[in-house]
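K.L.:
here is a sequence with its predicted model. Questions after.
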Amino acid sequence: MFFNTSEKTKNEYVNEILSNDSFTDLKLDLIDLDLKIKAGDHFEVHYRGPVDKKPSLVFNENLLEIKEPKVERKPGKFWKKGIIEINIVTDKDRGELVITVPEDQHLHMLNASSVSGDSRLENLKLETLMGFAVSGDLDLKNIEVEDTKLTTTSGDIDCTNVVVNKGKVKLISGDFKMKNSEVGDEVKVSTTSGDTLVENTKVAQYQLSTLSGDNSLFGKSGAAAQIGDENNKSRLILSTLSGDNTVR
């Protein structure tokens, strides 16, 4: 069996730094590139992948806009005979965008949208975080954010060591996980058929609701709990239709 690749991009891969310029606001419009944004010792936008999928960069004062181009060709290697078609796509075929921000840099705004790529954010301080994905996963680790809004259709959202003041998270069939985190004001998480799991998270009040799933609150069936000081009004709301809510 012989696999073919697009002649236009055969063996045309790049691994290069696209920019070292500074910014405080970041907007990304991606299709299937994987994204990683992390803290480091300098500003850097680094792309690795097919040359025809290299994103464009536009600076407008403190705002950096990054957009992935639409490509008509099929990614990866493919084989077709009659009605049978096989398509193999590797990480190299999809490409990856890695953005580094200085550790002492406080970003005012991060707005990232993606169709099928996975996104990972690490060791960042943000005022506003907005994320949208169709089928990609979103992973947050060691993040401090004032206000956030996250939406995904079939992807999962994982939050580890996240300090968030307020936010809204909406999923359809994906799962939501939060671990070793803290809620300052109020965070609402809603899913249709996905599950929610919260572990070792500092918050005063929990509210759980489900239509046909199960609610488990520290090992017992329950829908609400006040933890610690009653004057503390921080609240985490978990709601699903057919999924399960678990807090432990």
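P.N.:
Ah, there it is.
K.L.:
in the chain, which spans are helices?
P.N.:
In the chain, the helices defined using DSSP state H lie at 91-94.
K.L.:
and this protein, what are its domains?
P.N.:
14-71+92-155, 158-248 (automatic domain parsing).
K.L.:
state the distance from V134 to T151.
P.N.:
Here the criterion is C-beta to C-beta, to the nearest Å. By it, V134 lies 10 Å from T151. Backbone N, C-alpha and C define where each C-beta goes, glycine included.
K.L.:
what's the answer for M130, then?
P.N.:
Distance, M130 to T151, using C-beta to C-beta: 9 Å.
K.L.:
show me where pLDDT drops low in this structure?
P.N.:
Along the chain, the model assigns pLDDT under 70 to residues 1-11, 73-83, 85-93, 228-229.
K.L.:
hmm, 80 instead?
P.N.:
For the chain, the stretches with pLDDT under 80 are 1-11, 72-94, 222-231.
K.L.:
residue nearest the centroid of it?
P.N.:
L138 (2.4 Å; C-alpha atoms, centre = their mean).
K.L.:
ok, now which ones touch the closest residue to I143 other than its chain neighbours?
P.N.:
Distance criterion C-beta to C-beta, 6 or more residues apart in numbering; nearest residue to I143, sequence neighbours excluded, is V162 at 4.7 Å. If you count contacts by C-beta atoms under 8 Å, 6 or more residues apart in numbering, V162 has them with 140-145, 178, 181-182.
K.L.:
for E96, same thing?
P.N.:
Counting by C-beta under 8 Å, 6+ apart, E96 has contacts 33-36, 47-49.
K.L.:
what distance do you get for K54 to S239?
P.N.:
Relative to S239, K54 is positioned 41 Å away (C-beta to C-beta).
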